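Peer 1: give me coordinates for this.
(chains A and B)
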Amino acid sequence: MSTDNKTNMFPDSSDLIEEILNKYPSKVAKKRAKSLVTNDPEIDQEIQSNIRTIPGIITQRGCCYAGCKGVILGPTRDIINIVHGPIGCSFYAWLTRRNQTDAGPDGENYMNYCFSTDMQDTNIVFGGEKKLEEAIREAYEIFKPHSIGVFSTCPIGLIGDDVHAVSRKMKEELDINIFGFSCEGYKGVSQSAGHHIANNGIFKHVVGLNNTDPGGKFKLNLLGEYNIGGDSFVLEKYFEEMGITLVSTFSGNSTMSQFENAHMADLNAVMCHRSINYIAEMLEKKHGIPWIKINFIGADATAKSLRKIAKYFEDEELMAKTEEIIAREMLEVQATIEDVKSRTEGKLCMMYVGGSRAHHYQELFGEIGMRTISAGYEFGHRDDYEGRKVLDSIKIDADSRNIEELDIVKDEANWRDDLVAKKTSLEDKGYGFSEYEGMMPDMEKNSLVIDDISHWETEKLIEYYKPDIIGAGIKEKYVIQKYGVPLKQLHSYDYGGPYAGFKGAVNFYNDIDKMVNTKIWGLIPPPWKNEPELVAKMADTAY
Amino acid sequence: MEKTIDIKEKAFTSTRNACKVCTPLGASIVFKGIEGCVPLIHGSQGCATYIRRYLISHYKEPVDIASTNFSEETAIFGGEKNLFIAIENVTKQYNPKIIGIATTCLSEVIGDDMRKIIHKYKTEHDTNIPELVFVNTPSFMGTHINGFHDTVTSIVAAFASNTENRESINIFPGFLSPADLQHLKEILTDVAIDAIMVPDYSDILDNEYTGEYEKLPKGGTTIKELKQTACAKASLEFGYILNKSNPQTQSAAEYLKTAFDIPRVNLNIPIGIKATDALFDALEKITNNKTPEKYTKQRGKLIDAYVDGHKYVFGKKAVVYGEEDFVVAMISFLEEIGIETVLCASGGNSGLLKEVIQEKVQPKSDINIHDNFDFEEIATVCKELKPDIIIGNSKGYYIARELGIPLARVGFPIHDRLGGSRIKHIGYEGTQALFDLIANTLIQQMQDHSPVGYKYM
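Peer 2: Residues are numbered from 1 along each chain as shown, chains lettered A, B, ... in the order given. Model prediction:
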């Protein structure tokens, strides 16, 4: 692939799309065509997303349980998560996401454990409720945890074990918060269904339990930041320096008590829109707390987001402090960019990951002069691509209908009239709330947007675009690297990170520099294979 | 020897930090070892995704596993429709020789009759379709090892048919590393025996880099070879426990014995001198050839290493965990070099572990042997018995870290180091590597904790 020399514009990808679709049976091709879009940021384009992967097509997607237990509840340290089902599901979600936590002086941290009811055939035949009760009782006796969560896996829904009833019963018996999630793997389209179920569960059973004022002048919830590789730690430092009280983070480096208190915040800042927008929406409906979309991936994005948060609180001192932090941190950022950019400028990247990351990381690549030629989400919805303006026009299919929408009513006792008024007054001054424009308007013309990319499509794209780096996950890593293209794991950072905030940006520039400039690819063709002349020459000199 | 501690069998209801994985994972590994085979997991897409991510993080190779992507509707009405679509799509994309279908707890609970569904697919489609093989792998029965051996049996039973007279032998190595399988092939070539190994993922899960991606990497047991398993001179099968936790199942060699009267030679996994001697002894008997000098030399060198290192390992205490047959073989090796196993644990639950160790290894002293164990139970025992070394997969690292005891990484999964697929355990050569790993791990621990920090030994 080469860009147009004069305009430096990406080529129209319609021939590539055609080639990809040709391989599919016509019915599949017709369906798949709607998920591949040649981007034009100037116009509104629709992309089909959040629809079921076709059986037999190898997908990046995980299941509902993975989204609920693995993603949302996984990073919270003081809850014991008991997986109700056979052993695999629990084992596979055991510390595989590299969420970090700081258990502090009390040291209460159950993230290192994976509890399973380890259902055997007799439990499947006769039911596993008794075993679950026993497992809950035992977890309580050993650890006396703050809370216990119960997660249903596929067979549970079918054999009819009622995890909610068991949870209620045990909550009464043990007098701690215990609640269940019906997050069987077959529900919904992807892990996204599990995010929604987890949001609902936390909102119903935890948020609002504690009305104590968390204190401080500026009270913030950070939503959709999972502390992979220590991202949250970087951000927490900025907030602390700014004098902002971080009431809760959903759910990186978090505790259940933070969630209980979350409705006492003044503002919700949403990082990963896909996984957590439900809680933001529900907090506003019930308590009148407004939300804004922010992004801490990318130095400019971080500066912009910090300013937006500071501006909300309309406090001169806070705004000055924010500028001071930005100015200080940008020194290292600028110096690193200056060094790295000469080696990364003009290189191409592609990203197929998450429900936000494929968007957010474009900022970071852009800062070192790299262009995103193609991107897509693994489990995003149309609003993550096209912006929230399309929310009302998204068709609800059978898979989405099965995920409960909570009926939220205003909590008169804990309703923030002051914040509602603040929102109106700021909106009048042009400050945007509840907005997310999506990924597509931020992408270049003719870049290829593709939802739920398959293995086969990835291969075609690599051949066509010959990118310098791809951002995806471990499942894609070794296939892509077989093509001689380095892969950056954007779920778990290949043991690296943090990548959030200014410090994270510097880490990322340096890591990418090393990856796109590694010398190993030069070793691939052995001299005797592709360079007969060289071999002949060497032979000449030898004799 | 320390007292054996009394741990009540399954004192806990829940499994805390499991020392086992689920059955379809074992099935997927076996299917990866068959030439041109794409594994297809019949259940929710999460099963295929989780298993892929786990195998990929260990082998560091592409591991394509397709899924029938059950929805809520599929879970109610059955998986036939999804299976048909999946077979078609896998065929179109991969043009595989075989599709290896493994069931899941979900499809087993709803009761999909795989034999019937696959038969229906075959009758509705022309003959130009891949071979379709299936195995029942409900994850509520057994562990990944049951999935592994049940799949070997299923795939052998599906093809074994050829009754011509041949001089070849069958070899069923069990769940070993790609490097182990590679070494085993080398041995078989050197002793000049025509052998059929099932499964053979020695290349597929430890791929050479060519700069060109192959969707179905070269290698693996071929269909022709699978057919010929029915007419071998003998079957060599490593491991004593295999899939015996379920009395209704047979191992592949047992099946071939019953169905085709192929003699079965059952050996320990060849780790250590004794177990490797037994392998070469068996090969000599089958071939009437003497063991090549290459291996007698390797044996001699290994003994030389044992001599050089005995004072650093002798009397040390070890905790060993992993699959049941794997720990049996490890203990047999550790006994040789004088390491006392203070705890031998497995997540497997055949009920045979103690008996097999007593009978086949005959350890000099009492060992705490526990099957159906999880890592929290292992941690409890470790705290009490204070071993000098922990030997097992990456999952025990947290215990090693907490107690300041070094971990020698062997087996599966290894996801916090490179080279999981290159760990060699078997033969004189693999034993040599293990011996050096264990001895050097112990020496490093001494060195790191020595107030002098000696630099010379």
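Peer 1: who touches the lengthiest helix in chain B?
Peer 2: Taking DSSP state H as the criterion, chain B has its longest helix at helix B:427-449. For helix B:427-449, the surrounding residues in contact (CB atoms under 8 Å, 6 or more residues apart in numbering or on different chains) are B:179-180, B:183-184, B:187, B:270-273, B:276, B:279, B:295, B:298-299, B:301-302, B:305-306, B:309, B:312-313, B:316, B:333, B:337, B:339, B:388-389, B:391, B:405-408, B:410, B:423-425, B:453-454, B:457. C-betas here are computed from N, CA, C, even on glycine.
Peer 1: return the subset of those residues lying in strands.
Peer 2: In this view, these that belong to strands under DSSP state E are B:Ile389, B:Ile391, B:Leu407, B:Ala408.
Peer 1: who wins for most neighbours among those?
Peer 2: B:Ile391 (29 neighbours; other CB atoms under 10 Å in any protein chain shown).
Peer 1: what's the spacing between that one and chain A?
Peer 2: 20 Å (CB to the nearest CB, to the nearest Å).
Peer 1: who does that residue form a beta bridge with?
Peer 2: B:Val320, B:Ala408 (DSSP bridges).
Peer 1: burial count for the residue nearest to B:Phe175 when sequence neighbours are not counted?
Peer 2: In this structure, B:Phe175 finds its nearest non-sequential neighbour in B:Phe148, 5.1 Å apart by CB to CB, 6 or more residues apart in numbering or on different chains. B:Phe148: 26 surrounding residues under other CB under 10 Å.
Peer 1: also A:Lys514?
Peer 2: Residues near A:Lys514, counting by other CB under 10 Å: 12.
Peer 1: for A:Val340, see how far away it is.
Peer 2: Separation of A:Lys514 from A:Val340 (CB to CB, to the nearest Å): 10 Å.
Peer 1: what do you get for A:Phe203?
Peer 2: 42 Å.
Peer 1: run through the residues that contact the nearest residue to A:Lys69 once chain neighbours are set aside.
Peer 2: Nearest non-adjacent residue to A:Lys69, counting by CB to CB, 6+ apart: A:Phe151, 4.4 Å away. A:Phe151 is in contact with A:Tyr65, A:Cys68, A:Lys69, A:Leu73, A:Asn81, A:Ile82, A:Val83, A:His84, A:Val163, A:Gly180, A:Phe181, A:Cys183, counting by CB under 8 Å, 6+ apart.
Peer 1: before we move on, what about A:Asp231?
Peer 2: If you count contacts by CB under 8 Å, 6+ apart, then A:Asp231 has A:Glu225, A:Gly252, A:Phe296, A:Gly497, A:Pro498, A:Tyr499, A:Ala500, A:Gly501, A:Gly504 around it.
Peer 1: pLDDT added to the ones in strands among the contacts of helix B:427-449, as JSON lines?
Peer 2: As requested, the ones in strands among the contacts of helix B:427-449 are exported to JSON lines (pLDDT from 0 to 100):
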{"residue": "B:Ile389", "pLDDT": "98"}
{"residue": "B:Ile391", "pLDDT": "98"}
{"residue": "B:Leu407", "pLDDT": "98"}
{"residue": "B:Ala408", "pLDDT": "98"}
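Peer 1: out of the contacts of A:Asp231, flag the one nearest to chain B.
Peer 2: Using CB to the nearest CB, A:Gly497 comes nearest to chain B of these, at 15.9 Å.
Peer 1: which helix or strand contains that closest one?
Peer 2: Per DSSP states H and E: A:Gly497 is located in neither a helix nor a strand.
Peer 1: need the contact list for B:Ile193.
Peer 2: B:Ser168, B:Ile169, B:Leu283, B:Ile286, B:Thr287.
Peer 1: tell me the two of those residues that are most distant?
Peer 2: The span of the contacts of B:Ile193, defined through CB to CB, is set by B:Ser168 and B:Leu283 at 12.9 Å.
Peer 1: who has more neighbours, the two?
Peer 2: B:Leu283 (23 against 17).
Peer 1: surely that one is in contact with B:Thr291?
Peer 2: Yes: look at B:Leu283 against B:Thr291 with CB atoms under 8 Å: they come within range, at 7.2 Å.
Peer 1: find the residues that touch each one of the two.
Peer 2: Joint contacts of B:Leu283 and B:Thr291 (CB under 8 Å, 6+ apart) are B:Val191.
Peer 1: chain A contacts on the stretch 351-457 of chain B?
Peer 2: B:Glu376, B:Tyr398 (CB under 8 Å from any CB of the partner chain).
Peer 1: low-confidence stretches in the stretch 351-457 of chain B?
Peer 2: Within the stretch 351-457 of chain B, no range satisfies pLDDT under 70.
Peer 1: ditto for chain B
Peer 2: Chain B contains residues with pLDDT under 70 at B:1-10.
Peer 1: B:Glu284 versus the spatially most central residue of chain B, what's the distance?
Peer 2: By CA atoms, centre = their mean, the mean C-alpha position of chain B lies nearest to B:Phe175, the distance being 1.5 Å. Note on B:Phe175: its distance to B:Glu284, by CB to CB, is 26 Å.
Peer 1: residue ranges of the strands in chain A, please?
Peer 2: Under DSSP E, chain A gives strands at A:36-38, A:79-84, A:115-116, A:147-152, A:177-181, A:218-225, A:244-251, A:267-270, A:291-293, A:348-352, A:371-376, A:448-450, A:469-472, A:487-489.
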